[in-house]
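S.K.: Just the structure for this:
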Amino acid sequence: MTDTSADAAPGRAAARLHLDVFLTPADLRAGLEADARAGLTATPKWLPPKYFYDERGSRLFEEITRLPEYYPTRTEHAILVASSDEIAAAADAEALLELGSGSSEKTRMLLDAMTRSGGLSAYVPVDVSASALEDAMAGLRRDYPALDLHGAVADFDHHLDRLPAPGRRLVALLGGTLGNYPPERRRVFLGKLAAAMQPGESFLLGIDLVKDPDRLVAAYDDMAGVTAEFNRNVIAVLNRELDGDLLPDDFEHVALWDAEHEWIEMRLRARRPVHATLAALDLTVDLDAGEEIRTEISAKFRRERIEPELTAAGLRPERWWTDPAGDFALALARR
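M.R.: Prediction:
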């Protein structure tokens, strides 16, 4: 935990730089071990998508966001460019708290708009990676010297009620992250989020919308094969962290549209029989040829579906912004 002050102009209090640590490397390791054991012994097998994002996986995802097939990132960015001042005015917040902040690049549009509105005093980035937070906060310190920065190394599935509240907050969950939750886990998450918010605080949610299935599948199965490498990177993570001997080339990338649930699934399909070990877990991993490991779901939404879910959690939907094509949306709800 650190607490430092930036240089302040004469007569003005110095802005603060603070980092709370609720999630340690030992916690992350224990979570990986538990998820790998549970998911790789289940029928069918699964792994959570958060394990894509080691250093190489994060670089691959940045590459994915620039691919022609992958519209969500640039579309959400365009909505923020067009509507950030309206969002700031509607939220009427003193602090921006961002769940899964990463590099905080998109967030700068909200920070700028909230600064222009005259109400912003603090930014609270939340991420599982201490190094990512420290790097992002160093850049933000240079560009926003008067802004209090209060980062939190935390897992927002477990630490929502412990996150900083330096004023009335706008809580942001951008990038379609909510789509990684199946319906029951989504209900639980939204309920916990609402319970952790104070009355009058607002929630900004970025969601990908239902559209032509061919476009959706293409966004997760690009012609250049970058998403396939991103998907297989989870095998490299297991090998490195859990002393495994799985071969990434034994798996092919699969992306498909589940019309019943209205979500994309990414899977790793065994090209041949697989017999491997994760020595750190004393675990044998066996797959038949054609057997699959589900590595991600990415639910797509309709306004008439997500707004009742927000309402049921105790969050009152207030505003809705989308792009002209209706590909992506930002929804604002209030506690």
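S.K.: Neighbours of the residue nearest to Ala313 when sequence neighbours are not counted, how many?
M.R.: Using CB to CB, 6 or more residues apart in numbering and skipping the chain neighbours, the partner closest in space to Ala313 is Leu190 (3.7 Å). C-beta: built from backbone N, CA, C; applies to glycine. Neighbourhood size, Leu190 [other CB atoms under 10 Å]: 24.
S.K.: what's the helix or strand hosting Leu190 packed up against?
M.R.: Element membership for Leu190, per DSSP states H and E: helix 183-196. On a contact count with 3 or more CB pairs under 8 Å, 6 or more residues apart in numbering; DSSP states H and E, helix 183-196 meets helix 303-313.
S.K.: quick one, the helix it packs on and helix 183-196 angle?
M.R.: 50 degrees (axes from the mean of the first three to the mean of the last three CA atoms, to 10 degrees).
S.K.: What is helix 303-313 packed up against?
M.R.: By 3+ CB pairs under 8 Å, 6+ apart, helix 303-313 packs against helix 183-196, strand 202-208, strand 316-322, strand 328-334.
S.K.: now that helix: how far from the chain's centre is it?
M.R.: Helix 303-313 has its C-alpha centroid displaced from the chain centroid by 20 Å (CA atoms, centre = their mean, to the nearest Å).
S.K.: Over to stretch 175-192?
M.R.: 11 Å.
S.K.: Could you list everything the nearest residue to Ser101 once chain neighbours are set aside pairs with in the sheet?
M.R.: Of all residues not flanking Ser101 in the chain, Pro125 sits nearest, at 3.5 Å (CB to CB, 6+ apart). For Pro125, the beta-bridge partners under DSSP bridges are Glu98.
S.K.: Can you give me the distance of Pro125 to Ala172?
M.R.: 10 Å (CB to CB, to the nearest Å).
S.K.: Mutual contacts of these two, please.
M.R.: 98, 107 (CB atoms under 8 Å, 6 or more residues apart in numbering).
S.K.: Around the residue lying closest to Tyr71 once chain neighbours are set aside, count how many other residues there are.
M.R.: Leaving aside its chain neighbours, Tyr71 sits nearest to Asp327 (5.7 Å; criterion: CB to CB, 6+ apart). Neighbour count for Asp327, taken as other CB under 10 Å: 21.
S.K.: List the contacts of the residue nearest to Leu60 when sequence neighbours are not counted.
M.R.: Once flanking residues are discounted, Leu60 sits nearest to Phe230: 4.2 Å by CB to CB, 6+ apart. Contacts for Phe230 (CB under 8 Å, 6+ apart) come out as 52, 57, 60-61, 64.
S.K.: now Arg302
M.R.: 209-210, 262.
S.K.: how much space is there between it and Asp245?
M.R.: Where Asp245 is concerned, Arg302 sits at a distance of 44 Å (CB to CB).
S.K.: same deal with Lys192?
M.R.: Distance from Lys192 to Asp245, by CB to CB: 38 Å.
S.K.: Between the two, tell me which one has more neighbours.
M.R.: Lys192 (17 against 12).
S.K.: And the pLDDT for that one?
M.R.: Predicted confidence (pLDDT) for Lys192: 97.
S.K.: does it really touch Leu160, like I thought?
M.R.: Yes: shown here, Lys192 and Leu160 form a contact pair, counting by CB atoms under 8 Å, at 5.2 Å.
S.K.: ok, which stretches of the stretch 151-300 of the chain are helices?
M.R.: 183-196, 213-219, 226-242 (DSSP state H, counting those that start in this stretch).
S.K.: which one of those helices is the most hemmed in?
M.R.: Of all the helices of the stretch 151-300 of the chain, helix 226-242 has the most neighbours on average by mean count of other CB atoms under 10 Å, namely a mean of 21.
S.K.: Tell me how many other residues surround Pro166.
M.R.: Neighbours of Pro166 (other CB under 10 Å): 17.
S.K.: correct me, but it touches Ser121?
M.R.: Yes: in this structure, Pro166 is within contact of Ser121 by CB under 8 Å, at 7.0 Å.
S.K.: Tell me the residues that contact both of those two, please.
M.R.: 94-95, 148.
S.K.: of the residues you listed, closest to Asp222?
M.R.: Nearest to Asp222 among these: Ala95, at 37.2 Å, using CB to CB.
S.K.: what number of residues lie near the closest one?
M.R.: Neighbours around Ala95, by other CB under 10 Å: 23.
S.K.: for it, phi and psi?
M.R.: Here is the backbone geometry of Ala95 (degrees, to the nearest 10): phi -140, psi 140.
S.K.: List the contacts of it.
M.R.: 120-124, 165-170.
S.K.: Those into JSON lines, with extra columns for pLDDT?
M.R.: Shown next, in JSON lines, are the contacts of Ala95 (pLDDT from 0 to 100):
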{"residue": "Leu120", "pLDDT": "94"}
{"residue": "Ser121", "pLDDT": "93"}
{"residue": "Ala122", "pLDDT": "96"}
{"residue": "Tyr123", "pLDDT": "95"}
{"residue": "Val124", "pLDDT": "95"}
{"residue": "Ala165", "pLDDT": "93"}
{"residue": "Pro166", "pLDDT": "93"}
{"residue": "Gly167", "pLDDT": "93"}
{"residue": "Arg168", "pLDDT": "96"}
{"residue": "Arg169", "pLDDT": "97"}
{"residue": "Leu170", "pLDDT": "97"}
